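J.: Need coordinates for the following:
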Amino acid sequence: MNVKSKVQFFFLILIALFSCNHQKEKLGYQTTLDINKEYYVIYLAGQSNMAGLGNVSQLTDKTLPNNVSFFNYSTDTKLNSLPYNFGPEVGLAKKLNEKFPNLNFIFIKYAISGSSISEWLPNVESQIERNIDFGEIYLNFLKMSKSITDNYKTQNLAFIWMQGEADACYKNTSKSYETYLKSLIDRVRKDFNNDNLPFIFGKVNTEHKIFKFVPEIQQAQLHINSLITNTYLIDTDNLEKLNDNIHYSTQGQLDLGKAFGTTVNELIIQKTTDFIETNKD
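T.: You can find the predicted model right below:
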């Protein structure tokens, strides 16, 4: 078995192992929108730590706040859904609701476990060989997003990205990561008609020995964060992980979401301040 096959098999075993919960409970949330309301839209995308292996049955509150509508496409590496798991959306929703209970939010999440950043870029050939075709990930995400938000009063607030572990497995994918991450940010901002759309992304800090090029991914993330305006790199070093030292635990996912939420809250406050300053007499 070659290195690429070993990596793919490793991901399959992990996702299968941790997504099989003995107590199968689903996260509660609403998927209806009110044409009379105004919504802030937050996009969430990436691979397994965005899809999330948090265990819903371990949550005290298993329902998202009423001011959050959630649309979720999250899969394992075989494109199977993960109905009994959650990602950063739970902590994010709670953080936003604490600060802004009177605002309405739409979360649109599209995450495929094991996906490489090259597979998120249209017209870029995947740099990872695999036995399953993930399809046009980004274009499908874009189509899903527009189908949800069309005909409603929405304002794009932020794009949140948690990805890079897959690319930390190989030298060639780690070397191209910075270029591809910049391309993704440019593409997202172009397609959502906002050259300054905030791009929030979590630091990759996988510790398993199979991920040999984590330092290269981290360096790329740091460089992008310093190079491109309105990008926000979130420190993940102290987040609790499962025993695999790759995926965040239930508590780790809650804390990841809260960390994202703190940044989003600051963005909302800044938008409010800017609006007041612009409209002063």
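J.: measure stretch 42-53 end to end?
T.: 20 Å (CA to CA, to the nearest Å).
J.: same question for it, mean pLDDT?
T.: Averaging pLDDT along stretch 42-53 yields 98.
J.: try stretch 24-36
T.: So the average pLDDT for stretch 24-36 ends up being 97.
J.: Touching that stretch from outside, list them.
T.: 39, 56-57, 59, 62-64, 66, 68-71, 83-84, 86, 90, 104, 106, 148, 151-153 (CB atoms under 8 Å, 6 or more residues apart in numbering). Every residue, glycine included, has its C-beta placed from N, CA and C.
J.: Show me just the buried residues among those residues.
T.: Buried by 16 or more other CB atoms under 10 Å: 39, 56, 59, 64, 68-71, 84, 86, 90, 104, 106, 148, 152, out of the contacts of stretch 24-36.
J.: Give me the longest helix you can find in this protein.
T.: Longest helix in the chain by number of residues (criterion: DSSP state H): helix 250-278.
J.: got the residue ranges for the strands in the chain?
T.: 38-46, 54-55, 68-75, 85-86, 104-112, 153-162, 199-202, 231-234 (DSSP state E).
J.: Could you dump the ones you listed into CSV and include distance to residue 254?
T.: Listed next are these as CSV, based on distance: least, CB to CB, whole Å:
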stretch, distance to residue 254
strand 38-46, 15
strand 54-55, 7
strand 68-75, 15
strand 85-86, 9
strand 104-112, 15
strand 153-162, 14
strand 199-202, 14
strand 231-234, 14
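J.: Could you identify which of those is most buried?
T.: strand 85-86 (a mean of 28; mean count of other CB atoms under 10 Å).
J.: which helices and strands does that one pack with?
T.: On a contact count with 3 or more CB pairs under 8 Å, 6 or more residues apart in numbering; DSSP states H and E, strand 85-86 meets strand 54-55.
J.: In its sheet, which strands sit next to the strand it packs on, and in what direction?
T.: Based on DSSP bridges, the pairing partners of strand 54-55 within the sheet are strand 85-86 (antiparallel).
J.: average model confidence for the strand it pairs with?
T.: 98.
J.: That strand: how far from the chain's middle?
T.: 13 Å (CA atoms, centre = their mean, to the nearest Å).
J.: try stretch 87-98
T.: Counting by CA atoms, centre = their mean, stretch 87-98 is centred 13 Å from the centre of its parent chain.
J.: what comes up buried for that stretch?
T.: Result for stretch 87-98 [16+ other CB under 10 Å]: buried residues 87-97.
J.: can you check stretch 245-262 too?
T.: Applying 16+ other CB under 10 Å to stretch 245-262 flags 246-250, 252-262 as buried.
J.: Can I get that stretch as CSV, trimmed to CA atoms?
T.: Extracted in CSV, the C-alpha atoms of stretch 245-262 (Å, rounded to 0.1, in the frame of the first residue of the first chain):
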residue,chain,number,x,y,z
ASN,A,245,-4.8,14.0,17.9
ILE,A,246,-6.4,15.2,14.7
HIS,A,247,-10.1,15.9,15.3
TYR,A,248,-11.6,18.2,17.9
SER,A,249,-13.7,16.6,20.6
THR,A,250,-17.1,17.8,21.6
GLN,A,251,-15.6,20.4,23.9
GLY,A,252,-13.0,21.3,21.3
GLN,A,253,-15.7,21.9,18.7
LEU,A,254,-17.6,24.1,21.1
ASP,A,255,-14.5,26.2,21.9
LEU,A,256,-13.6,26.4,18.2
GLY,A,257,-17.1,27.8,17.4
LYS,A,258,-16.8,30.3,20.2
ALA,A,259,-13.5,31.4,19.0
PHE,A,260,-14.9,32.0,15.5
GLY,A,261,-17.9,33.7,17.2
THR,A,262,-15.8,36.2,19.1
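J.: Contacts for it, please.
T.: So stretch 245-262 is contacted by 14, 18, 48-49, 52-55, 58-59, 86-96, 160, 162, 165, 200, 202, 206-208, 211, 234-236, 238-242 (CB under 8 Å, 6+ apart).
J.: repeat that for 6 Å
T.: 49, 52-55, 58, 87-88, 90-92, 95-96, 160, 200, 206-208, 234, 239-242 (CB atoms under 6 Å, 6 or more residues apart in numbering).
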